[in-house]
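Novice: no letters, just coordinates:
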């Protein structure tokens, strides 16, 4: 009997241990992730693009009337001032009309002066006639009475001086203005301070006047070279980091190996529909005129945008049209949150909407996460 008991007890213990092992479940560990804290900072990103120099102002110049070219006062490379006479047409007819109109104005002014004397005389006689009428020395009516001899001449002189003469002078002056305007159409002047870059006419040639269709060859071309600007195109990932007034470095290899400092003067608000890029203009001083339109330029934008809300690029998840991050809560659970992003420097991305400073986001281990799941933070930066 004792031997049987010795054998049964070990078997029972083994069975109990086996049953105990079958009823135990081991809990799985939460997924391990690495995180970073959302904070405000700056993007330090040098964007380099290529483009061409272009004039701030450019004008294709035509005469405003047709005629034979009399003089051309400039050549290619001439520096001109606004209002300077560049070219004239044969204007003998127009000049004669101006002189005739000036003579008409002078005649009207002389007539007005003579009528002023006549009016003063008529008024003196009128006042004397009133006194004679009051004394009974003359009659009211009759050929030599007050009305015909004194009052009527005064009234006529008054109308001539104050109505007829002003109208005649005004008409003569209007005719002079018209003749002068016609004469001015024979003179081509510079619209702004600049340089003549093309001359396509010589004295004796015929000018057809304003262009009938776009693309006609101008008589002269004027451009403003100081300042000048570099026109470049940037992508959508760069345009938000640029703003009017910031400085840029411009290198024009055809002029010098040294970089010039320019200022961003224009940033396009919409993309070019053909190439989906944004036009940016950088204005440069060019007092000696060594920078020429059409020269190639390399522009470096020194971005220094402080105060932006930034997240590491590794935290940003792109899925279709949605951009999101995984945010870790105080209870170590994660939630997926959609965000709006801006510029990036390759390491950090600007967050325009969806996050706040101090939020903790997952930068590694996002794969397989589900909303509300607990995580184990292995590393935080």
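Specialist: Here it is on my side, so go on. No experiment lies behind these values; they were computed from the predicted model shown. Residues are numbered from 1 along each chain as shown.

Novice: okay, now residue 285: neighbour count?
Specialist: Residues lying near residue 285 (other C-beta atoms under 10 Å) number 13. All C-beta atoms are positioned from the backbone trio N, CA, C, and that covers glycine.

Novice: that one touches residue 250, doesn't it?
Specialist: No - assessed by C-beta atoms under 8 Å, residue 285 is found out of contact with residue 250, at 10.8 Å.

Novice: longest helix of the chain?
Specialist: Counting residues, the longest helix in the chain under DSSP state H turns out to be helix 92-135.

Novice: which neighbouring elements make contact with whatever helix or strand comes next after that helix?
Specialist: Sequence-wise, the next helix or strand downstream of helix 92-135 (DSSP states H and E) is helix 146. Judged by 3 or more C-beta pairs under 8 Å, 6 or more residues apart in numbering; DSSP states H and E, the packing partners of helix 146 are helix 92-135.

Novice: pLDDT of the helix it packs on, averaged?
Specialist: Taken as a whole, helix 92-135 carries a mean pLDDT of 96.

Novice: chain center to that helix: distance?
Specialist: The chain centre lies 56 Å from the centre of helix 92-135; the measure is C-alpha atoms, centre = their mean, to the nearest Å.

Novice: also stretch 144-159?
Specialist: Taking C-alpha atoms, centre = their mean, one finds the center of stretch 144-159 at 68 Å from the center of the full chain.

Novice: first-to-last residue distance for that stretch?
Specialist: Using C-alpha to C-alpha, to the nearest Å, the end-to-end distance of stretch 144-159 comes to 22 Å.

Novice: and the strand of greatest length in the chain, which residues are buried?
Specialist: Taking DSSP state E as the criterion, the chain has its longest strand at strand 39-61. Neighbour counts over strand 39-61 (16 or more other C-beta atoms under 10 Å) mark 43, 45, 47, 49, 51, 53, 54, 55, 56, 59, 61 as buried.

Novice: tell me which of those is nearest to residue 89?
Specialist: residue 61 (13.1 Å; C-beta to C-beta).

Novice: how much space between that closest one and residue 194?
Specialist: 11 Å (C-beta to C-beta, to the nearest Å).

Novice: name the residues contacting each of the two.
Specialist: residue 222 (C-beta atoms under 8 Å, 6 or more residues apart in numbering).

Novice: the buried residues of strand 39-61 into JSON lines, with extra columns for distance to residue 135 and pLDDT?
Specialist: JSON lines is the format used below for the buried residues of strand 39-61 (distance: C-beta to C-beta, whole Å; pLDDT from 0 to 100):
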{"residue": "43", "distance to residue 135": "104", "pLDDT": "69"}
{"residue": "45", "distance to residue 135": "105", "pLDDT": "60"}
{"residue": "47", "distance to residue 135": "102", "pLDDT": "72"}
{"residue": "49", "distance to residue 135": "100", "pLDDT": "87"}
{"residue": "51", "distance to residue 135": "96", "pLDDT": "93"}
{"residue": "53", "distance to residue 135": "92", "pLDDT": "96"}
{"residue": "54", "distance to residue 135": "89", "pLDDT": "95"}
{"residue": "55", "distance to residue 135": "85", "pLDDT": "94"}
{"residue": "56", "distance to residue 135": "82", "pLDDT": "91"}
{"residue": "59", "distance to residue 135": "77", "pLDDT": "95"}
{"residue": "61", "distance to residue 135": "76", "pLDDT": "97"}
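
Novice: what about the strands in the stretch 251-381 of the chain?
Specialist: Counting by DSSP state E, counting those that start in this stretch, residue ranges of the strands within the stretch 251-381 of the chain are 260-267, 278-284, 296-312, 317-319, 322-328, 334-338, 340-344, 348-353, 360-364, 376-380.

Novice: how about TSV for the ones you listed, with mean pLDDT, distance to residue 110 and mean neighbour count added?
Specialist: Formatted as TSV, those follow (pLDDT from 0 to 100; distance: least, C-beta to C-beta, whole Å; neighbours: other C-beta atoms under 10 Å):
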stretch	mean pLDDT	distance to residue 110	mean neighbour count
strand 260-267	95	57	16
strand 278-284	95	57	21
strand 296-312	80	65	18
strand 317-319	91	88	12
strand 322-328	95	85	20
strand 334-338	95	87	17
strand 340-344	79	76	18
strand 348-353	88	77	19
strand 360-364	95	92	21
strand 376-380	86	99	12
